[in-house]
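**Q** Sequence and predicted model, in that order:
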Amino acid sequence: MAETNTVFNAEKLEKVQALLQSLKEDAQKADADGDMFMLSVYNDLLHVCSPIVVKSLARLEREENAVLNKREKEMRKQVREERAAQKLKA
């Protein structure tokens, strides 16, 4: 698939998702250890990080769809031009 000219990409999204997963694991560890303070801190961080990851995933999907839509539009245009050229020859 064609790569878009963007600072944001799937590799960076994976890093952010790994960060979110790490926070979740740390929160679960704090819960298991009975560390209320750290659990509270991780919970606050998750409330900030989770929506960012969700929005980023949606953005990446929109950008990938936009690339495919653009390619489809270009292909349709090319087919129309080829058909028009064939009609002129006939």
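**A** Nice, I can see it. Treat the numbers as computed from the prediction; the structure is a model and nothing was measured. Numbers count the residues shown, from 1 in each chain.

**Q** For the helix or strand containing Q21, give me every contacting residue.
**A** Element membership of Q21 [criterion: DSSP states H and E] is helix 10-33. For helix 10-33, contacts defined as Cβ atoms under 8 Å, 6 or more residues apart in numbering pick out 38-39, 42-43, 45-46, 49-50, 52-53, 56-57, 60. C-betas here are computed from N, CA, C, even on glycine.

**Q** Any stretches of this protein with poor pLDDT?
**A** Along the chain, the model assigns pLDDT under 70 to residues 1-6, 90.

**Q** elements contacting the helix ranked longest in the chain?
**A** Ordering each helix of the chain by length in residues (DSSP state H) puts helix 36-89 first. The elements that helix 36-89 packs onto, with contact taken as 3 or more Cβ pairs under 8 Å, 6 or more residues apart in numbering; DSSP states H and E, are helix 10-33.

**Q** And the longest helix of the chain, how far out from the chain middle?
**A** Distance of helix 36-89 from the chain centroid (Cα atoms, centre = their mean, to the nearest Å) equals 7 Å.
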